[in-house]
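Undergrad: here is a sequence together with a model predicted from it:
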Amino acid sequence: AGGFAVVRHCNPVGQRLFQWLPSLARFSCIVESGVFLDMPTPANEPVMRSCFHTLLRQHEAGPPGPCSPSDPSSPECFMPQYAVPRIRYPFFVLQN
């Protein structure tokens, strides 16, 4: 599941590429799979939010850019439906 990494690193990688290669015409981020949305289970439990919280603690990950929740380490800062609007490059999701 590489969706987390693409959401997390799309902006920094794009910025670095354009710094190193200013003539680079295009850069896009593509997620082939592994996009997990913040949706409750039928029992109304926030399973993915808990998984993301554990993942963030495990990797000591900082937020992928400005984040609106009061806690920048909130899973909302990383979950695709909240993080994708802050990505500055074309972003495509291919879920199969």
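TA: On my side now, so go ahead.

Undergrad: next, the contact list for the residue nearest to residue 90 when sequence neighbours are not counted, please.
TA: Among residues not flanking residue 90 along the chain, residue 28 sits closest, at 4.2 Å (C-beta to C-beta, 6 or more residues apart in numbering). From N, CA and C alone the C-beta is placed, and that goes for glycine too. Neighbouring residues of residue 28 by C-beta atoms under 8 Å, 6 or more residues apart in numbering: 89, 90, 91, 92.

Undergrad: check the second one and give its pLDDT.
TA: Residue 90 carries a pLDDT score of 87 in this model.

Undergrad: quick one: it and residue 14 touch, right?
TA: No. If you go by C-beta atoms under 8 Å, residue 90 and residue 14 don't touch, sitting 9.6 Å apart.

Undergrad: so residue 30 is in which element?
TA: In this structure, residue 30 sits in strand 29-31 according to DSSP states H and E.

Undergrad: what's the first helix or strand after that strand?
TA: From strand 29-31, the next helix or strand downstream (DSSP H and E) is helix 47-59.

Undergrad: tell me the buried residues in that next one?
TA: 48, 49, 52, 56 (16 or more other C-beta atoms under 10 Å).

Undergrad: export the residues you listed to TSV and tack on pLDDT and distance to residue 37?
TA: Below are the buried residues of helix 47-59 laid out as TSV (pLDDT from 0 to 100; distance: C-beta to C-beta, whole Å):
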residue	pLDDT	distance to residue 37
48	79	7
49	76	10
52	73	11
56	73	16
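
Undergrad: want to try TSV for the residues you listed, with distance to residue 82 as columns?
TA: Shown next, in TSV, are the buried residues of helix 47-59 (distance: C-beta to C-beta, whole Å):
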residue	distance to residue 82
48	12
49	11
52	10
56	13
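
Undergrad: returning to that earlier point: can you list residues touching both of residue 90 and residue 14?
TA: By C-beta under 8 Å, 6+ apart, residue 90 and residue 14 have these common neighbours: 27, 29.
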